[in-house]
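Q: fold the following, please.
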Amino acid sequence: MRYPQVTALSQAIEILADRAPCAPCLVHHGQPVFPVYSNKEWHALVDLAERMGGVLREVIGVPGELSVSSETVIAIGKDAVGPAELYAHLTGRDYRLAKDVEHLGKPPPRVVVTTMPFLSDSLMDALCPSANAAQPTVPGILCAATLEALRLRVLYTAALSLFNGVGPAESIDLRPIELAPIKRAPAPKIYDSETPSAEVRRRLAADAALLMINTHSDGVDAFLGPDLTLCSLLEKPLREGEGNGPYCRESGICHRHGVSVATAREYLVDPAEITARVLIWSACYGVLAQHSIYDAMPGLLGSFLQADAIGAVIATRGVSFSLRNQLDGLYHDLSQGMPLGDAVARLNQSRSAIDSGVRFYLFGEPNAYLPNLRHASDRPGNRLLDMPPTDEKEYLELAFLKAYLSACVLNLPEGLDHHLRLAIEAVQLYEYQYWLGAPVDGDQGVQGDILRKNVLDFLMRRGSGIFHVWLAFAVTMHSEEGQSCPGCGRTTTVTQVDLRIPGVSARRLVRCVRCGVVRDAPIWSDLALKIDGERFLLCGRRPKRDWAACLHLGCQNERESTAWEWPALGDGSLAETFKPPQPWPKGPLRIAFMLLEGTAVHVVSLPGRRDSGAAL
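A: Predicted coordinates for the structure are as follows:
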C-alpha cells in the first residue's frame, strides 16, 4: 500500500510564532501559534523552516482553543504538564494528566510527554506491550532531561509535523560494525567500518530524511569506527569520583581509545552534530534503563532528544540482537509514507522482531511521515531468517568452537594474535586426534585439557560477549518470556538460536533489560551466576570432569580487565563459590563466568561494581 504524499505546494508552509506570548496556548486566524520564550527556541524554528523550505512568520497570538481530535496527549510528572498541554494544542488533540504509569487509562494515549526520570521500565512496557498484543500503532514519546529541553522538543516536533511528506528525501545507512563491504542493491549507500572518519562525520550532519545507525553501544557512548566514538558526555564537565558513572568519569580515561578524556576529544563526536528528520538508532541500550548500573542519566538518547536538529528517534531497549537486514521492512514502510507509529508497530510484530525478541520505541510524533525516499524499492529483503533451521544431530560443540575462533580472525583486537593462534592450533590437534580415534579426554587423553586451557586463555583476553561474533551464524530465532533474572529479579527474555553449523546444538541467550545477556550457552545448559558481596555463586548443574573455567571482570578500559581461574573441589568437580583474591577494577564492570565443558562454551554474566557488588 502506498500512502498519500505531498509532491508540490502552491505556497510555502508557514510556522506561526509569537516571541512575546501572553499565554501558553495561542491562536491566530484559526491556526495554532508557537509561543517562543528564548533565542534558542526561535533559532531552532528558523533553522527548521529553512531546511524544510518553509517560512517562519512572527505574529501576535491571542489566547484561544481549537477543535480537538479523539487522540490524547498525556503528561506524566509535574514538569511535563505545561509542555504536554502545549503539544496537545499545537497538534489538535485532547490533553490530560496521569500521575504515573498506572493511571494512563483508556483509550491508550497517542503521545506521552514526560521527563527522563519517568522513563521507567513499566512505562515502556505499557506503551509497547509484547508483539502478541496486536498493536496497530505505537504511541509517541516526547521526553527530555530538563524542562527547557522538553519545551524545545515539543515546539520542534510539532513544527516538523507541519511538513509531513515534503522536504529532503535522502536516506543514509551507517553500519560501522560491518567488517567489509557487502554486495548490495545500489541505494542507500552503506557506510561500513572502512568508511573514513571524515566521511562518517559528514554523513551524520547531512540532514537526511532517514538516518539509520547500526552499531555497538552501552547507552552512554557508541562505536562509529576505529577512530571515532559518539559520546554523550563530550560537552559535560568531568567530575572525578562521581558515583556509579561510566569509566571515564571515575578514571579520566576514555575506554574506547585508551587515552585521557582531553586527548580523546579529537576522536569523539557530539550527538549535537547529527542532523536528521528520523534517526533509527539500532544499538544496545538505545533507551538507558533507570536504576541500571549507571546512575540515572540521559545517555545518548537524552542527547539525541535534546538536539534541535533530530525530529524523531526510533530505538530499542536493553541488549539488541541486530541482524543485518532486520530493519529493511521498516525502511520500506517509511519510504512509502507510512506514519512513524504504524511503521514501528508493524516492525515490532514482524517475524524477525518477534524471533529476536527485540522491541522498538518511538520518540517523536506518531502521525508524522516522510517524503518518498530515493531508491527505496532497491532495498534488499531479509533473507537470513527465511532459511530453514539446521538439523541437530549430536551435541558435538567442536564445530561451534572452530567457527567462533575462525570468525575472531576477522575482527581481532590488537595483541591477541598469539593467543588466538594457540587456541586454533589446539582445536585443530584435538579434532585430528578425535578423528583418528585417539583419546582426547579422560585418564588417557590430554589434548582436551590443552584445548580448554588455550581457548579459555583467549576468551579471558577477548572478553565475555562472544554472541557478538557467533550471531552471524544464526539461521532462526525464537524468543519467549523467561524466568527471573539472577541479578535483579526482573523477568527475562529467552531466545533460542538455531545455527547454520551442522551438528551443533542450538544456543540459548537469556537477557534482561537491566543486566544485559546473563546467559550465552548451549540450549541444555542451566548455569546462572549470582553475586553476594565479593563472593560469586554458581547455580545449576556443575561438571565433574573435563572442564576449565574462569571468572572475568571486564572493565570499560580493557587494559584493566582481569580474570582468575575458577577453583576445583577435591574430587575434580567445579566449585560452587569463589571469592577473587584482589580488588576489582574501577567503574562499571561486566562480571562473567566462562566455562569450557568438554568443547562446549558457557558464559553467564552480570553487571557489577567494585564498591557495591551487583549494582542493579
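Q: what mean pLDDT does stretch 61-75 have?
A: Across stretch 61-75, the average pLDDT comes to 91.
Q: report the buried residues of it.
A: Burial within stretch 61-75, assessed by neighbour count using 16 or more other Cβ atoms under 10 Å, is assigned to 61, 71, 72, 73, 74, 75. Placement of C-beta: from N, CA and C, glycine included.
Q: neighbours of residue 558, how many?
A: When neighbours are defined as other Cβ atoms under 10 Å, residue 558 has 15 of them.
Q: ramachandran angles for it?
A: Main-chain torsions, residue 558, degrees, to the nearest 10: phi -60, psi -30.
Q: enumerate every residue touching it.
A: 255, 258, 413, 463 (Cβ atoms under 8 Å, 6 or more residues apart in numbering).
Q: and residue 223, by the same measure?
A: With Cβ under 8 Å, 6+ apart, residue 223 has these contacts: 176, 177, 215, 216, 217, 229, 230, 256.
Q: among those, who's most crowded?
A: residue 230 (28 neighbours).
Q: middle-most residue in the chain, spatially?
A: residue 284 (2.3 Å; Cα atoms, centre = their mean).
Q: and that one, which of the three is it?
A: Assigned state for residue 284: coil (three-state reduction, DSSP: H, G, I helix; E, B strand; the rest coil).
Q: pop out the phi and psi values for it.
A: phi -60, psi 150.
Q: can you name the residues bridging to residue 27?
A: On the basis of DSSP bridges, residue 27 takes part in beta bridges with residue 32, residue 62.
Q: roughly how far does it sit from residue 84?
A: Using Cβ to Cβ, to the nearest Å, residue 27 is found at 18 Å from residue 84.
Q: also residue 364?
A: 15 Å.
Q: helices along the stretch 301-450 of the chain, start to end?
A: Secondary structure of the stretch 301-450 of the chain (DSSP state H, counting those that start in this stretch): helices located at 328-335, 340-348, 351-356, 398-410, 417-436, 447-462.
Q: by how many degrees do the last one and helix 417-436 diverge?
A: Translated: helix 447-462. 150 degrees (axes from the mean of the first three to the mean of the last three Cα atoms, to 10 degrees).
Q: hang on, the earlier thing: please identify which of the buried residues of stretch 61-75 is nearest to residue 344.
A: Nearest to residue 344 out of the buried residues of stretch 61-75 is residue 71 (Cβ to Cβ; 16.5 Å).
Q: next one: the closest residue in space to the closest one that isn't next to it in sequence from residue 138, what distance?
A: Once flanking residues are discounted, residue 71 sits nearest to residue 110: 3.9 Å by Cβ to Cβ, 6 or more residues apart in numbering. Plainly put, residue 110 is 10 Å away from residue 138 if you go by Cβ to Cβ.
Q: try residue 119
A: 15 Å.
Q: could you do residue 607 as well?
A: Taking Cβ to Cβ, one finds residue 607 at 28 Å from residue 138.
Q: between those two, who's got more neighbours?
A: Neighbours per residue (other Cβ under 10 Å) separate residue 607 from residue 138, with residue 138 holding more: 26 against 23.
Q: re earlier: need the contacts of residue 223 in a markdown table (columns: distance to residue 602).
A: A markdown table is the format used below for those (distance: Cβ to Cβ, whole Å):
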| residue | distance to residue 602 |
| --- | --- |
| 176 | 30 |
| 177 | 25 |
| 215 | 27 |
| 216 | 23 |
| 217 | 26 |
| 229 | 31 |
| 230 | 33 |
| 256 | 29 |
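Q: got any residues that touch both of residue 110 and residue 138?
A: Jointly contacting residue 110 and residue 138 under the rule Cβ under 8 Å, 6+ apart are 341, 366.
Q: the residue nearest to residue 71 touches residue 142, doesn't it?
A: No - assessed by Cβ atoms under 8 Å, residue 110 is found out of contact with residue 142, at 11.1 Å.
Q: residue ranges with poor pLDDT in the stretch 351-500 of the chain?
A: 374-396, 443-445 (pLDDT under 70).
Q: what of the stretch 151-300 of the chain?
A: In the stretch 151-300 of the chain, residues with pLDDT under 70: 178-193, 235-244, 289-298.
Q: quick one: the strands in it?
A: 171-174, 190-191, 208-214, 221-225, 228-231, 253-254, 259-260, 268-269, 276-282 (DSSP state E, counting those that start in this stretch).
Q: how far is the first one from where the chain is centred?
A: Taking Cα atoms, centre = their mean, to the nearest Å, one finds the center of strand 171-174 at 17 Å from the center of the full chain.
Q: ok, that strand: who's next to it in the sheet?
A: strand 190-191 (parallel), strand 208-214 (parallel).
Q: mind putting those strands into CSV with distance to residue 431 and mean neighbour count?
A: CSV is the format used below for the strands paired with strand 171-174 (distance: least, Cβ to Cβ, whole Å; neighbours: other Cβ atoms under 10 Å):
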stretch, distance to residue 431, mean neighbour count
strand 190-191, 36, 20
strand 208-214, 35, 23
